[in-house]
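J.: Any chance you can model this:
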Amino acid sequence: MDIINQINTFAYPIAIPLFILLILIEVYLGWKDRKQSHELKDSSVNIASGLIFFVISLLTKSLKLILFFYVYDHFRLFTISYENWTSWIVLFFLDDFTFYWGHRIAHTVSFYWASHVVHHSSERFNFSTALRKTWTYDVTGHFLFWIWLPILGFHPLQLFAVKTLNFIYQYWIHTEKVNKLPKWFEFVFNTPSHHRVHHGSDLKYLDKNHAGVLIVWDRMFGTFQQEEETPTYGLTSNIKTHNIFNVEFHEWRNMLTRVFKSGSFINGIKYLVKPPGWSHDKSTLTTKELRNKIANGE
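T.: This next block holds a predicted model:
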């Protein structure tokens, strides 16, 4: 249990100074090569968003742990010992697999996208972008995608330790300062090149590369896209604001407006569960519909 407690207790206090250092290095490199990826107002929103996210996380983590412990104590199928090193390897793969599908669903179900869109709303791509976090993910119950792991028998604290390490890994892939890495690494792991694609708003890049640590999930399940042209970062329709509350809640407002103006209960539900861009009158289109339209020469 000591190793679990150490990870859960000290991971962020160690990681946060490293995050700040990487931002400063990135800013320096941008100044040196006259290709600055940071913009003061944008980066300030990102950092402020991240700080508030961490505060909220401290408050909600206890509630999530209570739920996960309850499920673990009353419904687990097996007891998987965290003292066995192989359980850490298995849990790493299962957690990353769960992250892939949870992330993919966050891009394909409007209810979850209303939260996740915050992370994609910056038109720049740098280490501070990694800190632009939604404050409402826990409200949506997105964390419940991981509930099957304590049911399977993994200790909740071990699970949260692995999730924390996965989260920290994903910070360094938010940069334009790292080009493509060796082919074997690019084939297996998520990298800045792969994640630049994920943040692209170009049609060929939309809803691609949902990986956390391992890009192999995208390769296996048909969502992988190689970085070719430099991506255009941001949303297909950018919000053009540095008001942090508009950044955090603009899509909730837009989605709920569509729900209440949908004209029927069924359409209202569809605006919650269909992919972003879906509309009952085809006034807006989903990524799949846009691709089909182009494929058909329309």
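J.: Which helix or strand contains the residue sitting nearest the centre point of the chain?
T.: Most central residue of the chain, judged by C-alpha distance to the mean C-alpha position with Cα atoms, centre = their mean, is His103 at 5.8 Å. Secondary structure assigned from DSSP states H and E places His103 in helix 85-108.
J.: And for that helix, what's in contact with it?
T.: Contacts of helix 85-108 with the rest of the structure, by Cβ atoms under 8 Å, 6 or more residues apart in numbering, involve 80-82, 112-113, 115-116, 142, 145-146, 148-149, 152, 154, 158-159, 162-163, 166, 207, 210-214, 217-218, 221, 223, 275-276. Quick note: C-beta positions are derived from backbone N, CA and C, even for glycine.
J.: Then stretch 42-49?
T.: Judged by Cβ under 8 Å, 6+ apart, the contacts made with stretch 42-49 from elsewhere in the structure are 23, 118, 122-124, 126, 128-133, 135, 242, 244, 247-248.
J.: again, only using 10 Å
T.: For stretch 42-49, the external contacting residues (Cβ atoms under 10 Å, 6 or more residues apart in numbering) are 19-20, 23, 26-27, 37-39, 118-119, 121-124, 126-135, 174, 241-244, 246-248.
J.: So which bits of it are buried?
T.: Within stretch 42-49, the residues scored as buried using 16 or more other Cβ atoms under 10 Å are 42-43, 45-47, 49.
J.: Out of the residues you listed, flag the one nearest to Lys32.
T.: For Lys32, the nearest member of the buried residues of stretch 42-49 is Ser43. The distance, counting by Cβ to Cβ, is 17.4 Å.
J.: List the buried residues for the helix or strand hosting the closest one?
T.: Applying DSSP H and E as the criterion places Ser43 in helix 40-75. Residues 42-43, 45-47, 49-50, 53, 56-57, 64-65, 68, 71-72 are the ones in helix 40-75 that count as buried (16+ other Cβ under 10 Å).
J.: just stretch 239-252 next, same as before
T.: Applying a neighbour-count criterion of 16+ other Cβ under 10 Å, one finds 239, 244, 247-252 buried in stretch 239-252.
J.: Which ones among those map onto helices?
T.: Assigned to helices by DSSP state H, the following of these qualify: 244, 247-252.
J.: okay, those residues in TSV with distance to Ile14 next?
T.: Converted to TSV, those look like this (distance: Cβ to Cβ, whole Å):
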residue	distance to Ile14
Ile244	27
Val247	28
Glu248	27
Phe249	32
His250	34
Glu251	33
Trp252	34
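J.: so which of those comes closest to Asp202?
T.: Nearest member of those to Asp202, counting by Cβ to Cβ, is Glu251, at 19.9 Å.
J.: My read is that the closest one contacts His116, right?
T.: Yes. If you go by Cβ atoms under 10 Å, Glu251 and His116 touch, sitting 8.9 Å apart.
J.: Identify the contacts common to the two.
T.: Listed contacts common to Glu251 and His116 are 134, 136, 276; contacts here mean Cβ under 10 Å, 6+ apart.
J.: Sounds good, over and out.
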